[in-house]
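Trainee: mind folding the following:
(one chain, ligands or ions: 2)
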Amino acid sequence: MKEIKIKDKVFEEYISAETIQNAVKEMAKKMNADLKDKDPLFVCIMNGSFMFASDLMQQLDEFYEVAFARYSSYSGTESTYKLKEVMPVTQSLEGRIVVILEDLIDSGFTMMHVKKHFYDLGAKEVLIATMLDKPAARKCPVEADYVGISIANDFIVGHGLDYDDYGRMYNDIYKIKLS
Ligand SMILES: O=P(O)(O)OC[C@H]1O[C@H](OP(=O)(O)OP(=O)(O)O)[C@H](O)[C@@H]1O
Ligand SMILES: Nc1nc2[nH]cnc2c(=O)[nH]1
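Mentor: Ligands and ions are numbered 1, 2, ... in the order given. As a prediction, this is how the structure comes out:
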């Protein structure tokens, strides 16, 4: 099994890029059916969602409006449980159906706060589409409306996800190897 080393940690192959693409295609089918003619605003939550957002957008039937925002709460492999708004969304959310594009829901801390924040900014409806979901890690009550793949509670990197900002460029996903 292929292994990679990032700084002090070793990771092993976990989910192939092909498996991710197939899951994203299935998500896109549902989203195409649900969102057509609703003029949703897609908001990519940077940094982690850049690859997922790109994959998904190539599978959507319509050319929707896209915005970007950046929130950060992790240091190394642990949540700080402090959400930093590094880059707010610049478009008005007033009265819009907003679809958050997220790479991963782990504790749910990020999504719980971002979803509430987007309602506070006037969104009519806030939906969440996540490439990956770790239900066993959940500490905050939030669920996604569209989930690509549910995974176990392991720290992962690749396909946008980082360990201290490295590892995002891998197309496949790797999970941490505990020694
Ligand atoms: O459900 P949670 O426990 O809140 O974890 C999920 C969040 O953690 C990661 O972001 P991070 O804060 O590492 O920022 P990044 O996307 O810039 O890497 C990931 O991209 C999610 O946004
Ligand atoms: N890279 C990475 N970031 C996370 N943020 C929350 N959980 C994770 C994880 O498993 N991997």
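
Trainee: rest of the way, CA atoms for contacts and neighbours
Mentor: OK.

Trainee: contact partners of the helix of greatest length in the chain?
Mentor: For the chain, the helix that runs over the most residues, judged by DSSP state H, is helix 17-35. With contact meaning CA atoms under 8 Å, 6 or more residues apart in numbering, helix 17-35 is reached by 52, 55-56, 59-62, 131, 146-149, 159, 171-173.

Trainee: so which residues on this protein come close to ligand 2?
Mentor: 106, 154-157, 161-163 (CA under 6 Å from any ligand atom).

Trainee: what number of residues lie near the closest residue to ligand 2 within the chain?
Mentor: Proximity of the chain to ligand 2 (CA to the nearest ligand atom) peaks at F155, 3.4 Å away. Neighbours of F155 under the rule other CA atoms under 10 Å: 18.

Trainee: for it, give me phi and psi.
Mentor: Phi and psi for F155, reported as degrees, to the nearest 10, are phi -70, psi 130.

Trainee: hang on, it packs against Y163?
Mentor: No - in this structure, F155 is not within contact of Y163 by CA atoms under 8 Å, at 9.0 Å.

Trainee: what's the overlap in contacts for the two?
Mentor: T77.

Trainee: how about the strands in the protein?
Mentor: Listed in chain order, the strands found in the chain under DSSP state E are 3-6, 9-15, 41-46, 65-75, 78-87, 97-105, 125-133, 146-150, 156-157, 173-176.

Trainee: a markdown table for those, including mean pLDDT, mean neighbour count and distance to ligand 1?
Mentor: Shown next, in a markdown table, are the strands of the chain (pLDDT from 0 to 100; neighbours: other CA atoms under 10 Å; distance: least, CA to the nearest ligand atom, whole Å):
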| stretch | mean pLDDT | mean neighbour count | distance to ligand 1 |
| --- | --- | --- | --- |
| strand 3-6 | 98 | 14 | 15 |
| strand 9-15 | 98 | 17 | 16 |
| strand 41-46 | 98 | 22 | 5 |
| strand 65-75 | 96 | 16 | 3 |
| strand 78-87 | 95 | 12 | 6 |
| strand 97-105 | 98 | 24 | 4 |
| strand 125-133 | 98 | 22 | 9 |
| strand 146-150 | 98 | 20 | 13 |
| strand 156-157 | 98 | 25 | 10 |
| strand 173-176 | 98 | 22 | 13 |
